[in-house]
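Asks: Dropping the sequence and predicted coords here.
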Amino acid sequence: MAMHSGLTFVRGLGRHREASVFAMLAAVAIYLSFASDYFLEPRNLLNVGRQASVVAIVALGQALVIIARGIDLSVGSVIGLSAVVAAVLMRDTGSEAIGLTAGLLTGLVCGLVNGVLYTRFRINPFIATLGTLSIARGIALLMTGGIPVPFGGFAEFVGAGRIFDIPVSFLLMIVLAVVVHVFASRTVIGREIYAIGDNPKASRLAGVNLRAIRLFVFAFCGLLAGLGGLILAGNLASADPNLGMGYELDVIAAVILGGTALSGGRGSILGVVIGALLMALLNNAFVLLGISAYWQVVTKGLVIIFAVGLDGLQRGSDDD
Amino acid sequence: MAMHSGLTFVRGLGRHREASVFAMLAAVAIYLSFASDYFLEPRNLLNVGRQASVVAIVALGQALVIIARGIDLSVGSVIGLSAVVAAVLMRDTGSEAIGLTAGLLTGLVCGLVNGVLYTRFRINPFIATLGTLSIARGIALLMTGGIPVPFGGFAEFVGAGRIFDIPVSFLLMIVLAVVVHVFASRTVIGREIYAIGDNPKASRLAGVNLRAIRLFVFAFCGLLAGLGGLILAGNLASADPNLGMGYELDVIAAVILGGTALSGGRGSILGVVIGALLMALLNNAFVLLGISAYWQVVTKGLVIIFAVGLDGLQRGSDDD
Amino acid sequence: EAPQGGSVAAVENTKGPVRIAFLSFQNNPFWTPVTEGAKAANDYLSKFDATVDFVDLGDELSAEAVVAGIEGALAKKYDGIVVVPIFDGTARIINEATDEGVPVFNIVAEGATESRRLAFIGQDATSAGKQIGEFIAEKMDGKGKLGVITGYFGATQHTQRMSGALDYLKASFPDIQIVGPFENKDKAESAYSLVQDMMTANPDLSMVYMTAGGPFGAAKAVKDLNLTGKVGVVGFDHTPDNMQYLKSGEMVGLLDQAPYQQALDSSVMLYNYIVAGQEPPAKVIPVTGKLLTPDDAK
Amino acid sequence: MMQSDRMNEAAAPDAAAASAQPLLIRARGIAKGFSGNAVLHSVDLDLHAGEVVGLLGENGAGKSTLMHILSGGLQADTGTIEMEGAPVRFGSVAEGIAAGVSFVHQELSVIGALSVAENLHLGRMAKTAAGLVNFSLMQKASRALLERVGAGHIDPRKEAGALRAGEQQLIEIAKAAARKPRLLILDEPTSSLTPHEVGGFFSYVREARAAGAAIIFITHRLEEAMSLCDRVVVLRNGAIVSERRPAETTRQQLIADMTGKPAIYEHRPRSVNGGEIALSLRGVSDDRLLDGIDLDIRKGEIFGLFGLVGAGRTELLDLIHGVHRHKAGTIKLFGKELSLLDPSQAVRAGIALVPEGRKTAGILPQHSVRDNAAISSLRRFARGVFSDRAGDAGRVERHRQSLGIRMASDTQAISTLSGGNQQKVIFARALMAEPRLLLLDEPTHGVDVGAKSDLYGIVTREADKGLTVIVASSEVPEILALCDRVAILSKGRLAGVLERAEMTEDRILTMAFKEH
Ligand SMILES: Nc1ncnc2c1ncn2[C@@H]1O[C@H](COP(=O)(O)OP(=O)(O)OP(=O)(O)O)[C@@H](O)[C@H]1O
Ligand SMILES: Nc1ncnc2c1ncn2[C@@H]1O[C@H](COP(=O)(O)OP(=O)(O)OP(=O)(O)O)[C@@H](O)[C@H]1O
Ligand SMILES: [Mg+2]
Ligand SMILES: [Mg+2]
């Protein structure tokens, strides 16, 4: 019975784009469970989960942006800025609540700015968010003078704490993934996000409020980046203005590895999480197997290509 | 007469997407000529040209890739790998010709690999080139053990030399820009590149060899990245395996600032050069005006947004 | 007499106004004392009709940025340049400046290629690595497992610090087993995860050596794993985050590069050369970093 | 200047029948131009509730533009619109929809990533108490809706992108129907429907009329207009030139109204029997559908390919053009075996295709008319590596004249041409490649009657000069008007080949149903 439904599940996956990344994830995991005695230890698996969590959480927001045919390059900087704002306010007001709220709001506001630049000023999101990438990082540096600010309390619990040995950030990721999955597949706004990504013009003609939905996805992505910043800084108990630098590529890679099309309209939330897990698993593998320095870099590239290449070969020449 | 044709030129620009970046470039230049006594000195202007040249040269190739609806994230790593291959071979064989040829070939081969991954294995170019980004960097590290290799001779002349006070790399950029412009707008392949970016399926049915053209643009982009690597390493007289790291974003930004649409089918070569010049001008301005590092980061973001935002406002809501 | 924090005094200015460009970066707390040193030099030298203009080369460290910065300073006709050339590939432009009669003083780190700079003051990365290696060997009692995390694979300074320590340890203490190196791209969060994974695969690890950015991430991981006292982290730079863990004991050794003094002394020596032709005491002026241990932090 | 057969509303007795119903829309003096080119000149139009008005006109006459203005998608330069006596001015499509105007566009625009049910409810999805989308309710409602427009066989859970063009068209009609419109605009809704589907669609339109909606029906199939409409309005060059009741007019009369001349293409007997074999298929199969096709087509022949939806016509043309590879059998062009890897090789071998699906497979939307027309022949006329831009202009101009393409200039973006004119540009593209074998897949979709006969004339003229032509069509009249012989496909098999003398509508249809 369980066996059978398991099979159906796997077969169901086969039809989806995330299938090949999932296969790659499974392959790496199976290989690791033979190659390293430590891999299957619950503690290690949970570590991998924690390491994937921030990328996965931010990638949830990014996935919605990309499904809606946008892109947000600023997430890495927003991570840094939100963390810094939260830490500075927490330090200056002494109130955790104010600090954390301000951190999340910062993410939200950055997202809204991106959304407004896109919808009101009609700036290509690639350029608009490349701009805010720079601006947000600059503000974080200006606020702190480049010096990390200590950060602790509840955020540290979220970033580094555990409940029954399970990292809180991993639990949070699971909860958020479920919420975003339900949101994307079962709510009106969720469905409209897919619609505008697939065919913006037709969606607008059908009465979908293009601007509102676009603004929403950018704001939501910003909010999640803000949350990611709090988790990351909480984990380190320190808000570094350079926190999250370069995360945009990891996050976008997780989204696309997970089978979301950069051209919009298609994508799965499950896939995003698998993509983030694959990337965390790779880093874990390097350490567990003690792969030599430069081969780590090469291997990472190869795995990324294989993960998606399997899918391409299978699909054959049906496109174009 | 000259006045009149100048006006026509400006008006012609107004209709094009690159107009607003050009306006921004002019605005920054005018501001600088008042704000700094040194800006208008020929020596400084030529410096700006030289500083823009590598980004511009690589962006020429990237522009064709993007016009054909692809993207190449690996250019930064290809810059590094080509430089390293050239330097190592030059050192080991003692022959400049072998080294330089090998460097260019390395770029070409990297581009071909990207192209094959896309056309044969149907891997989304974003992912394929993200993979080669990592692989090429890893190979460069493996080849050098992470230690920069001295590099000199003709490449140093190209990278750092001057002819009548004009930097050779700047001259090379001008020549290449003209060649690529003519190529893109006047040759069969050039026009086919635009066509496949606009509607790949229709172009294929109309007899355009989709695979061949896609392979070509990636190969050409790789070749130019290889050339960029030689120039950059030549300028520094040293081939560092980390050379060009992060260049992909600058290069793509120059392309998009110049008015090329990420969705393909459209774009101007002139615009690409303007985009690269704007970015070099900004860096020059920071040094000339002594703007503090953190404000540099903020300013850069603002200028990028303004440069494109002008255009968006002017166009109004014609899309979607 | 020498200014506070510096070791060189300025000579009388008989030449008229002197302008020095001080080219440096700013992307993490390491640069704060460098900036302050430059400011102090400006304050001190202003009494001698000389200015030291701090020019930020931005937050992305690269040879190209250095080259562009020197080109800019030459265009602005400065009388001398203090620069942090960090990478290979800056030698040519430094030579060009020297040829034009603008002396260049290198500080902090310079590429492997010799340039005709006036002088270099800074820490030799390889010997700094060796200094840390000796410290590690002593702390580990000559045996056990050492995890290594480097900033960027292929970054010269990081590589030299790493091999300075590892070559020494391999030669003198074969019983020390090395895990890694792994790359953290100067990121503390990445160091955190790496230490977590290293401890999983090597529960008997007793020391972590970080060559570049983000050592406090490694220290935080040690703390969260409740291994304070069992596993120690050694690294570079006396930044506030690092110092905090030196106090709490996860960090057991921190080497600094006396950046304030480097910035101040170089500016004054360059000034002395410009106004009086006074050569610096040596072509390479070594700075021995101060190695702080938990005892110093208390 | 323009001869006008316009009925005088007050006087015309037949208008009384319609005007027994209340006047819904009263448009006066509507004019519209695009960058200086006038497209509509002072159009007056009245629409009554419970009336189906046919809107006919040549490609580019301004039909779609007029409809965009009525629905709020475009704003008129001058003129007024009243709805039930009150002036209205829709600033956007949304305002039009709110006022009860539904517009089924000429170009398909379903959301491929969403299910049929979601497509039908886009912009107004039902929610459960928990705030989630109520899929079961939507599916139920969708079934009812699809049933109404005669598409009950479509599963509302299916992804819309996987449906055939005709089915997608029905989805769009159902979407409009769902809004219970007061004014329903249908811009060439039948162009990709099968005869059976057209029947279901007609009964929906009649039902909507009975429910009191005003309906505008745009088509290039005059029979449809004659059988469905209460009144037929003809637009020519942006002005209304006649209004007639179907019962009181003829096809010929309507054509004359549209084109200003009474011409209509008649098949001219041709003889190609002596010619050499241009294309020969032996046992051609693919692994999906086509099964052992044998055909011999002579040089200069116009050869028809008929079949029901999904019979495999497109698939067969694709194999000949190298879009897919055949899995068995041989294809010979003038005695030389073809084994094409790509359409680019086909074009080089002298095979050109006018594909089915203008928007997805035909036009390069961001390119100019000239570039669109020249893309297939760039290599043929290249001088070295350079393309012959100047020559292109001349060639495009020649084809513009011979095909009667209506445009302001050949540097205009093709997406600003009317649908039928876009199709003519694609035709020009194929002809400019100077092929030996021309493959036409549903070549006159969206092309007006006048232009259709022009195109038939051109095809025949080229065939007389030795061009071999294969025409895949779902319209029997087109086959009858054009072809020397016809092959009928049925579920991927060759049901038979009919000589000219044997070709009748009955026989063709009977054979097409052979495997069903
Ligand atoms: N956005 C635009 N810019 C410029 N010209 C346009 C634009 N839209 C329409 N036109 C022109 O207006 C004219 C009328 O076009 P319209 O689409 O209304 O024709 P139509 O009667 O619907 O033709 P068809 O039967 O081919 O669909 C055409 O000549 C077309 O080129
Ligand atoms: N790439 C494909 N994969 C799977 N099935 C396909 C593919 N292309 C076509 N088919 C199927 O093959 C059948 C024949 O399609 P084809 O387009 O050749 O038919 P047709 O006779 O041209 O009819 P029409 O164009 O009216 O649909 C259809 O049922 C179609 O769904
Ligand atoms: Mg129309
Ligand atoms: Mg067909």
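Replies: Looks like it arrived, so ask away. Ligands and ions are numbered 1, 2, ... in the order given.
Asks: Show me where chain A has its strands.
Replies: A:149-150, A:162-163, A:166-167, A:238-239 (DSSP state E).
Asks: Of all these, which one comes closest to C:P103?
Replies: strand A:149-150 (39.4 Å; CB to CB). Backbone N, C-alpha and C define where each C-beta goes, glycine included.
Asks: wait, is D:I297 part of a strand?
Replies: Yes - under DSSP: H, G, I helix; E, B strand; the rest coil, D:I297 sits within a strand.
Asks: burial count for C:Y192?
Replies: 27 (other CB atoms under 10 Å in any protein chain shown).
Asks: quick revisit: could I get the strands of chain A as JSON lines with mean pLDDT, distance to B:S292 and mean neighbour count?
Replies: Below are the strands of chain A laid out as JSON lines (pLDDT from 0 to 100; distance: least, CB to CB, whole Å; neighbours: other CB atoms under 10 Å in any protein chain shown):
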{"stretch": "strand A:149-150", "mean pLDDT": "88", "distance to B:S292": "19", "mean neighbour count": "20"}
{"stretch": "strand A:162-163", "mean pLDDT": "86", "distance to B:S292": "42", "mean neighbour count": "12"}
{"stretch": "strand A:166-167", "mean pLDDT": "88", "distance to B:S292": "39", "mean neighbour count": "18"}
{"stretch": "strand A:238-239", "mean pLDDT": "88", "distance to B:S292": "21", "mean neighbour count": "30"}
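Asks: Counting neighbours, which bits of stretch A:163-174 end up buried?
Replies: A:167-173 (16 or more other CB atoms under 10 Å in any protein chain shown).
Asks: got those as JSON lines, with distance to ligand 3 columns?
Replies: Below are these laid out as JSON lines (distance: CB to the ion, whole Å):
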{"residue": "A:P167", "distance to ligand 3": "60"}
{"residue": "A:V168", "distance to ligand 3": "59"}
{"residue": "A:S169", "distance to ligand 3": "56"}
{"residue": "A:F170", "distance to ligand 3": "56"}
{"residue": "A:L171", "distance to ligand 3": "56"}
{"residue": "A:L172", "distance to ligand 3": "53"}
{"residue": "A:M173", "distance to ligand 3": "51"}
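Asks: Dump the strands of chain A to TSV, plus distance to B:P42.
Replies: Shown next, in TSV, are the strands of chain A (distance: least, CB to CB, whole Å):
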stretch	distance to B:P42
strand A:149-150	46
strand A:162-163	64
strand A:166-167	60
strand A:238-239	46
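Asks: Redo those as JSON lines? Include distance to ligand 2.
Replies: Formatted as JSON lines, the strands of chain A follow (distance: least, CB to the nearest ligand atom, whole Å):
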{"stretch": "strand A:149-150", "distance to ligand 2": "58"}
{"stretch": "strand A:162-163", "distance to ligand 2": "50"}
{"stretch": "strand A:166-167", "distance to ligand 2": "46"}
{"stretch": "strand A:238-239", "distance to ligand 2": "53"}
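Asks: Please name the nearest non-neighbouring residue to the residue in the stretch 1-150 of chain C positioned nearest to chain D.
Replies: Closest contact between the stretch 1-150 of chain C and chain D, by CB to the nearest CB, is at C:E64 (34.8 Å). Distance criterion CB to CB, 6 or more residues apart in numbering or on different chains; nearest residue to C:E64, sequence neighbours excluded, is B:L232 at 7.1 Å.
Asks: mind listing the helices for the stretch 51-200 of chain D?
Replies: For the stretch 51-200 of chain D, the helices defined by DSSP state H, counting those that start in this stretch cover D:63-71, D:93-98, D:116-121, D:135-148, D:165-178, D:195-210.
Asks: related to what we said a few turns ago, could I get the strands of chain A as TSV with distance to chain C?
Replies: Below are those laid out as TSV (distance: least, CB to the nearest CB, whole Å):
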stretch	distance to chain C
strand A:149-150	7
strand A:162-163	9
strand A:166-167	10
strand A:238-239	5
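Asks: Minimum distance to A:L25: which of those strands has it?
Replies: strand A:166-167 (19.0 Å).
Asks: which residues are contacting the closest one?
Replies: A:46-47, A:49-50, A:53, A:160-161 (CB atoms under 8 Å, 6 or more residues apart in numbering or on different chains).
Asks: worst average pLDDT in the helices of the stretch 51-200 of chain D?
Replies: Lowest mean pLDDT within these: helix D:93-98, at a mean of 84.
Asks: ok, and for it, which residues are buried?
Replies: By 16+ other CB under 10 Å, the buried positions in helix D:93-98 come out as D:93-94, D:96-97.
Asks: cool, stretch A:53-63 as well?
Replies: A:53-63.
Asks: Relative to ligand 3, which of the residues you listed is nearest.
Replies: A:A63 (37.8 Å; CB to the ion).
Asks: ok, the closest residue to D:L74 other than its chain neighbours - how many residues close by?
Replies: Excluding the flanking residues, the one nearest D:L74 by CB to CB, 6+ apart is D:H68, at 4.0 Å. Residues near D:H68, counting by other CB under 10 Å, number 20.
Asks: Tell me the spacing between D:H68 and D:A31.
Replies: Look at D:H68 and D:A31: by CB to CB, to the nearest Å, they are 14 Å apart.
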